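**Q** coordinates for the following, if possible.
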Amino acid sequence: MFYNGNVRLEPGAVVCRVAPSFVRFGTFQLPVSRGGMQVGLVKLVADYVIRHHYPHLMEVPEGSERYAAWLREVVERTGRLAGLWQGLGFVHGVLNTDNMSILGLTIDYGPYGFMDSF
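**A** Numbering: from 1, shown residues only. This is a model prediction of the structure:
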């Protein structure tokens, strides 16, 4: 229905986002912000992500060494992604914890644009 209340057929589309994972930075941020027993969820999700999306890190000894290796890789992937976007003149208005995959992917574009010259 149009804003004027008149009903008529109009073209439409279905948009489906696909990604190897929709685990976001915010997936870790939310239970930490809530505190208490929810903080334990961070380890469960981290272990899942490492096992399913960073399997090469399973060879690193379990514990803080494995998590540190994983964090380094996440930081490198995310930094590379942001640099590549900037290299194209892409300006992402919400490149934040809810829109960034833990795999170093942008999974939601929100407000964005391209600079005319940079």
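
**Q** low-scoring stretches of the chain, by residue?
**A** 1-3, 118 (pLDDT under 70).

**Q** select the longest helix from it.
**A** As assigned by DSSP state H, the longest helix anywhere in the chain is helix 64-87.

**Q** who touches it?
**A** 46, 49-50, 54, 57-58, 60, 92, 95, 100, 102-106 (Cβ atoms under 8 Å, 6 or more residues apart in numbering). In short, each C-beta sits where N, CA and C put it, glycine included.

**Q** report the buried members of those residues.
**A** 46, 49-50, 54, 57, 92, 95, 100, 102-106 (16 or more other Cβ atoms under 10 Å).

**Q** need the residues you listed in TSV (columns: distance to S117).
**A** Shown next, in TSV, are the buried ones among the contacts of helix 64-87 (distance: Cβ to Cβ, whole Å):
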residue	distance to S117
A46	42
V49	39
I50	42
Y54	38
L57	41
H92	18
L95	21
M100	27
I102	33
L103	32
G104	28
L105	27
T106	23
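
**Q** mind putting those residues into CSV with secondary structure?
**A** Shown next, in CSV, are the buried ones among the contacts of helix 64-87 (DSSP: H, G, I helix; E, B strand; the rest coil):
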residue, secondary structure
A46, helix
V49, helix
I50, helix
Y54, coil
L57, helix
H92, strand
L95, coil
M100, strand
I102, coil
L103, coil
G104, coil
L105, coil
T106, strand
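
**Q** farthest pair within these?
**A** Within these, L57 and H92 form the most distant pair, 27.7 Å apart (Cβ to Cβ).

**Q** just the C-alpha atoms of stretch 90-101, please, in PDB.
**A** This file holds the C-alpha atoms of stretch 90-101, laid out as PDB (Å, rounded to 0.1, in the frame of the first residue of the first chain):
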ATOM      1  CA  PHE A  90      33.700   3.500   0.900                       C
ATOM      2  CA  VAL A  91      32.400   5.200   4.000                       C
ATOM      3  CA  HIS A  92      30.500   2.900   6.300                       C
ATOM      4  CA  GLY A  93      28.400   4.800   8.800                       C
ATOM      5  CA  VAL A  94      28.000   1.900  11.200                       C
ATOM      6  CA  LEU A  95      31.100  -0.300  11.000                       C
ATOM      7  CA  ASN A  96      30.400  -1.400  14.600                       C
ATOM      8  CA  THR A  97      30.000  -4.500  16.800                       C
ATOM      9  CA  ASP A  98      26.600  -5.300  15.400                       C
ATOM     10  CA  ASN A  99      27.600  -5.100  11.700                       C
ATOM     11  CA  MET A 100      30.900  -6.900  11.700                       C
ATOM     12  CA  SER A 101      31.300 -10.600  11.500                       C
END
